[in-house]
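Enquirer: Fold the following.
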Amino acid sequence: MRKFRKNDEVIVIAGSHKGSIGRILKIDWKKNKVTVDKVNVVKKHVKPSQTNPDGGIQEFEAPIAISNVALKTGKDSHSKVGFKVKDGVKVRVSRKNGKTI
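Expert: Now for the predicted structure:
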């Protein structure tokens with residue numbers, strides 16, 4: 001079981017986007033990166049091609065390190081994620097207060 005899942009609401013705890021809140025769009029477990037909605041938006045210049053004859057500038061969310069995000073638990077609070085076994089089932093729990101996520 002992994003600590004983060006797609007559509008989890010997270011808060012960025014380190015880096016230039018510290019304090020930003022968003023939902024996880026994509027997770028790359030091999031590179032330990034996550035793509036968060038409306039966080040780390042970058043611009044890329046695209047040459048004209050057959051599929052995109054105009055070319056132009058695209059904006060998209062670039063991935064950030066998974067260690068730089070924490071699960072959002074309250075209004076402005078966040079917590080790292082741990083695991084416990086309850087009734088024979090492994091569940092995610094908040095490290096701060098021990099509540100099941």
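Enquirer: Straight-line length of stretch 76-87, end to end?
Expert: From its first residue to its last, stretch 76-87 covers 31 Å (CA to CA, to the nearest Å).
Enquirer: wait, I meant stretch 90-100
Expert: Span of stretch 90-100 from end to end, CA to CA: 10 Å.
Enquirer: By mean pLDDT, point me to the weakest helix or strand of this protein.
Expert: When each helix and strand of the chain is scored by mean pLDDT, DSSP states H and E, strand 78-79 comes last, with a mean of 88.
Enquirer: Kindly confirm my reading that Val42 forms part of a helix.
Expert: No - assigned with DSSP: H, G, I helix; E, B strand; the rest coil, Val42 falls outside any helix and is strand.
Enquirer: returning to what we had before: which neighbours in the sheet does the least confident helix or strand of the chain have, and how are they oriented?
Expert: Next to strand 78-79 in the sheet, as set by DSSP bridges, lie strand 69-72 (antiparallel).
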